[in-house]
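A.B. asks: Quick one: sequence and predicted model below, then my questions.
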Amino acid sequence: MSRYEPAIDLDAVTAIDVHVHIEVDDHGHSSLPDDLAAAAAAYFKSDGPRPDLDSVAAYYRERRTAAVVFTVDAEILLDHPSISSAEIAEGASRNNDVLIPFGSVDPHHADAVDRIRRLVEENGVRGFKFHPTVQGFDPSDERWYPIYAAVQEAGVPALFHTGQTGIGAGMPGGRGLRLALSNPMLLDGVAADFPELQIIMAHPSVPWQDEALSVATHKPNTWIDLSGWSPKYFPESLVRAANSYLKTRVLFGSDFPLLTPDRWIRDAPQTALKPEVMPGILKANAARLLGLG
């Protein structure tokens, strides 16, 4: 298996989408159990195809956009084998002109730290995705600190889902998933104790947008991605921050395939986002964070 090395020509791409899910692997295995996948599709009103990695690459190549791709390893809580992050990195190697692989490791795995190190050293992943609600862990609990230490030592970012999620929405009891685990304030202590760890707080963090902005304002090693919502629904406080004091740490993300980059970019002009901040949001900030040039 080849180790991923990026070959992205920043002058040739118009944007970097930092939030793209690989939901089906090359063997047809789904990232979520069938009931959760169906509930998420209903929540997002999305019944379109769930493309494999090479199809995702073709989609983004056609749009001259680079994409950070990942799955969510929540094997323990969901009792469902995850898609292989090593295979995602291998697929990204085949498409390294447009794809950037992040790994995902369920914190509950006894060998989570070893898995993180292997994914970096052997597979070349460029970051890690965590979803506290779906993985069922409180990110502020110091029992997870060895995981954060390993990610910080590797020099790659950690992307955390924050805010509301469509996973489990509408199912009895939300299928047992707990929204409070994705309050961005739970990441404040992590950012304080791991000042070299670059932390991306994914999505408008509804209903905790002010908490996310507070953490990002206070901790310069934190970032916000704008995925999962059409820009026309962004909270006004988030738009104001993206236009001014956080403009260098806000990132374009779609949440593909549940929300497409086409819709995000089409709806952005309907907001108060200033034209002069858009080059940074769409590409320059992510390029700097990911060390792409």
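C.D. replies: Looks like it arrived, so ask away.
A.B. asks: Give me the buried positions along the helix or strand bottoming out on mean pLDDT in the chain.
C.D. replies: When the helices and strands of the chain are scored by mean pLDDT, DSSP states H and E, helix 34-43 comes last with a mean of 84. Neighbour-count burial for helix 34-43 flags 36-37, 39-41, 43 (criterion: 16 or more other Cβ atoms under 10 Å). Glycine gets a C-beta too; all of them are placed from N, C-alpha and C.
A.B. asks: in the protein, which segments are predicted with low confidence?
C.D. replies: Low-confidence segments of the chain (pLDDT under 70): 47-49.
A.B. asks: the helices in it, which residues?
C.D. replies: For the chain, applying DSSP state H gives helices covering 34-43, 53-62, 75-78, 85-94, 112-121, 132-135, 145-154, 188-193, 209-218, 236-243, 261-267, 278-279, 285-289.
A.B. asks: List the buried residues in the last one.
C.D. replies: With burial defined by 16+ other Cβ under 10 Å, the residues of helix 285-289 counted as buried are 285-287, 289.
A.B. asks: The residue nearest to Ala242 when sequence neighbours are not counted bridge partners, please.
C.D. replies: Sequence neighbours aside, Val250 is the residue nearest to Ala242 in space, at 4.5 Å (criterion: Cβ to Cβ, 6 or more residues apart in numbering). Beta bridges link Val250 to Ile224, judged by DSSP bridges.
A.B. asks: do you know how far Val250 is from Val151?
C.D. replies: Using Cβ to Cβ, to the nearest Å, one gets 21 Å for the distance from Val250 to Val151.
A.B. asks: just Pro207 next, same as before
C.D. replies: As judged by Cβ to Cβ, Pro207 and Val151 stand 27 Å apart.
A.B. asks: now do Arg240
C.D. replies: Arg240 is 31 Å from Val151, by Cβ to Cβ.
A.B. asks: Neighbour count for the two, which is higher?
C.D. replies: Comparing Arg240 with Val151 by other Cβ atoms under 10 Å, the one with more neighbours is Val151, at 24 against 14.
A.B. asks: Skipping adjacent residues, who's closest to that one in space?
C.D. replies: In space, and not counting its chain neighbours, Val151 is closest to Ala158: 5.1 Å by Cβ to Cβ, 6+ apart.
A.B. asks: wait, doesn't that neighbour sit right on Gly127?
C.D. replies: Yes: assessed by Cβ atoms under 8 Å, Ala158 is found in contact with Gly127 at 6.8 Å.
A.B. asks: got any residues that touch both of these two?
C.D. replies: Between them, Ala158 and Gly127 share these contacting residues under Cβ atoms under 8 Å, 6 or more residues apart in numbering: Ile200.
A.B. asks: Can you get me a residue count around the residue nearest to Ala242?
C.D. replies: When neighbours are counted by other Cβ under 10 Å, Val250 registers 23.
A.B. asks: Please name the residues that touch it.
C.D. replies: Listed by Cβ under 8 Å, 6+ apart, the contact set of Val250 reads 223-226, 241-242, 277, 280-281, 285.
A.B. asks: Name the nearest of those relative to Arg266.
C.D. replies: Closest approach to Arg266 among these (Cβ to Cβ): Leu226, at 14.2 Å.
A.B. asks: residues near Ser227, how many?
C.D. replies: The tally of other residues near Ser227 (other Cβ under 10 Å) stands at 26.
A.B. asks: which one is it nearest to, not counting chain neighbours?
C.D. replies: Once flanking residues are discounted, Ser227 sits nearest to Gly253: 3.0 Å by Cβ to Cβ, 6+ apart.
A.B. asks: Many thanks, I have nothing further to ask.
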